[in-house]
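In: just need the structure, nothing else, for what follows:
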Amino acid sequence: MLWFNRVVVRARRKFHAMGATLEVAAKGGNIIGDLPPYEAFQIGGANSVRGYPEGGVGTGRKFIVGSAELSVPLATDTLNGYAFFDVGSDLKSGASVLGDPGGTRGKPGQGYGYGLGV
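Out: Residues are numbered from 1 along each chain as shown. Take a look at the predicted model:
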């Protein structure tokens with residue numbers, strides 16, 4: 001029988017100046033107990049480190065992810081430009097997941113992504 005507890009903490013803050021918005025966010029988590037590998041944190045993808053596929057950065061018992069995104073209006077309220085920077089890590093906890101799925105698949109365990117968009 002497996003049992004585990006998952007703890008996730010999130011923080012987000014927006015700053016507004018001269019029509020632009022800067023949003024900074026951070027989240028982290030820890031799993032305590034015995035867990036099946038499919039319950040490990042997947043780091044990478046649209047909701048953590050953009051530029052990687054889902055889980056492409058790592059798979060671990062612990063993680064931390066941070067992001068900053070700048071939004072600037074390019075035209076009236078209909079068109080915005082964006083710049084972002086994301087960073088994330090499994091805090092070297094990938095090997096502690098049964099079968100080391102991240103290490104087996106050659107995931108780096110930490111990474112960053114950045115980009116521009118409209």
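In: tell me which residue is most central in the chain.
Out: By C-alpha atoms, centre = their mean, the chain has its centre lying nearest to residue 48, at 2.3 Å.
In: how near is it to residue 77?
Out: Residue 48 sits 29 Å away from residue 77, going by C-beta to C-beta, to the nearest Å. All C-beta atoms are positioned from the backbone trio N, CA, C, and that covers glycine.
In: related to what we said a few turns ago, excluding its backbone neighbours, what's nearest the residue nearest to the centre of the chain?
Out: Computed as C-beta to C-beta, 6 or more residues apart in numbering, the closest residue to residue 48 that is not its neighbour in sequence is residue 65, at 4.7 Å.
In: do the same with residue 114
Out: Per C-beta to C-beta, 6+ apart, closest to residue 114 is residue 85, 4.6 Å.
In: host element of the one you found?
Out: Assigned by DSSP states H and E, residue 85 falls within strand 80-89.
In: and that strand, what's its mean pLDDT?
Out: On average, the pLDDT along strand 80-89 is 97.
In: can you pull the contacts of the residue nearest to the centre of the chain?
Out: Counting by C-beta atoms under 8 Å, 6 or more residues apart in numbering, residue 48 makes contact with 42, 57, 63, 65, 86, 88.
In: where exactly do the helices run in the chain?
Out: 101-104 (DSSP state H).
In: can you give me the strands in this protein?
Out: Per DSSP state E, the chain carries strands over the ranges 4-17, 20-33, 41-43, 58-60, 62-73, 80-89, 110-117.
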